[in-house]
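K.L.:
pasting the sequence and the predicted coordinates here, then a few questions.
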Amino acid sequence: MTRGTRIERRDWGHGRSALLTALAVAAATLPAPAAEAQGAGLEGFFIEVPVGLGTPIAEGGYEGLYDPSLWLGLNLGYLFGLGDQVSIGPALDLQYSIGNVENDWHHGTGYEDDLYLGRLRVMAGARLTVGFGSAFLLMRLGLGLDYAHASWDDPVYDEDNDDGDVSLGIVTGLGMGYMVADWIGIEFLLDFPVGFHDEDDDRDPIDWDDEMIDLLASLAVIFVL
């Protein structure tokens, strides 16, 4: 082997080593993909604040009493990751509304100004989320208590002044969302809460009877901690 050939091979060997070193440095300096990207960051403790509009869709007396009404909520829970895209966990949902009374509720005489309506739901259950990059879908199911309450002034009825009833309640829901950062997202939620009220008939102007079913659409902000 000639001296020129040995020098040429030595130079090629040095060049290959330099190329491999450069590739290793480049790979090390590339940003690593976010671990939460595929699962939309939905893993850990979450706080959800929904604001929505609910309308009754079942039970004649209930539908004749309520107009579409504003609902406020506070939902808490913890999500456990199942792979990169799916998470599941327990949740506690609180929902409250000051009911908007139908204008023609009491013979159309303006009595709606003398009636107060309130609904409170406390539901414990579970939710499932499926992530697609920063977007996600969710499903939830809850079981708990549904409290309906009414109070009125004398023009409505001159005896008692209030009436309330607590019953078993369930809620099923669907939703979609988008994480605008690792810890905060926005959501659209669609819920179907049901209260199974069966209060005895009495002389009060409000009786809570039969299934009270709502369609509840909400916008929400979710914080994942």
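P.N.:
Sure thing, it's come through.
K.L.:
ok, which stretches of the protein are helices?
P.N.:
When secondary structure is read from DSSP state H, the chain shows helices at 3-29, 60-63.
K.L.:
let me see the ranges of the strands in this structure.
P.N.:
44-56, 66-67, 69-82, 86-98, 100-101, 115-132, 135-152, 162-179, 184-198, 209-224 (DSSP state E).
K.L.:
format these as CSV; extra columns: mean pLDDT and mean neighbour count.
P.N.:
All C-beta atoms are positioned from the backbone trio N, CA, C, and that covers glycine. Shown next, in CSV, are the strands of the chain (pLDDT from 0 to 100; neighbours: other CB atoms under 10 Å):
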stretch, mean pLDDT, mean neighbour count
strand 44-56, 95, 18
strand 66-67, 82, 18
strand 69-82, 95, 17
strand 86-98, 94, 18
strand 100-101, 80, 18
strand 115-132, 93, 19
strand 135-152, 93, 18
strand 162-179, 92, 18
strand 184-198, 93, 18
strand 209-224, 91, 18
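K.L.:
of the helices of the chain, which shows the lowest average pLDDT?
P.N.:
If those are sorted by mean pLDDT, helix 3-29 sits at the bottom with a mean of 53.
K.L.:
am I right that Val101 is in contact with Tyr66?
P.N.:
Yes. Counting by CB atoms under 8 Å, Tyr66 is a contact partner of Val101 at 7.2 Å.
K.L.:
so what sits against both of the two?
P.N.:
Leu117 (CB atoms under 8 Å, 6 or more residues apart in numbering).
K.L.:
tell me the contacts of the closest residue to Leu72 other than its chain neighbours?
P.N.:
Excluding the flanking residues, the one nearest Leu72 by CB to CB, 6 or more residues apart in numbering is Tyr96, at 5.4 Å. For Tyr96, the contacting residues are 71-73, 118-121, by CB under 8 Å, 6+ apart.
K.L.:
Tyr96 pairs with what?
P.N.:
For Tyr96, the beta-bridge partners under DSSP bridges are Leu72, Leu120.
K.L.:
got the contact list for Trp71?
P.N.:
Taking CB under 8 Å, 6+ apart as the test, what Trp71 contacts is 50-54, 95-97, 216, 218.
K.L.:
and for Phe188?
P.N.:
Phe188 makes contact with 175-177, 217-220, according to CB under 8 Å, 6+ apart.
K.L.:
looking at those residues, which is nearest Gly144?
P.N.:
Nearest to Gly144 among these: Ser218, at 17.5 Å, using CB to CB.
K.L.:
for that closest one, give the beta-bridge partners.
P.N.:
Bridge pairing for Ser218 - DSSP bridges - gives Gly52, Leu189.
K.L.:
dump stretch 42-49 to PDB, keeping only the CA atoms.
P.N.:
Taking C-alpha atoms only, stretch 42-49 is exported to PDB below (Å, rounded to 0.1, in the frame of the first residue of the first chain):
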ATOM      1  CA  LEU A  42     -55.700  15.600  30.300                       C
ATOM      2  CA  GLU A  43     -53.900  13.800  33.100                       C
ATOM      3  CA  GLY A  44     -54.000  14.800  36.700                       C
ATOM      4  CA  PHE A  45     -56.300  16.900  38.900                       C
ATOM      5  CA  PHE A  46     -58.700  19.200  37.000                       C
ATOM      6  CA  ILE A  47     -61.100  22.000  37.700                       C
ATOM      7  CA  GLU A  48     -63.800  22.800  35.200                       C
ATOM      8  CA  VAL A  49     -66.000  25.900  35.300                       C
END
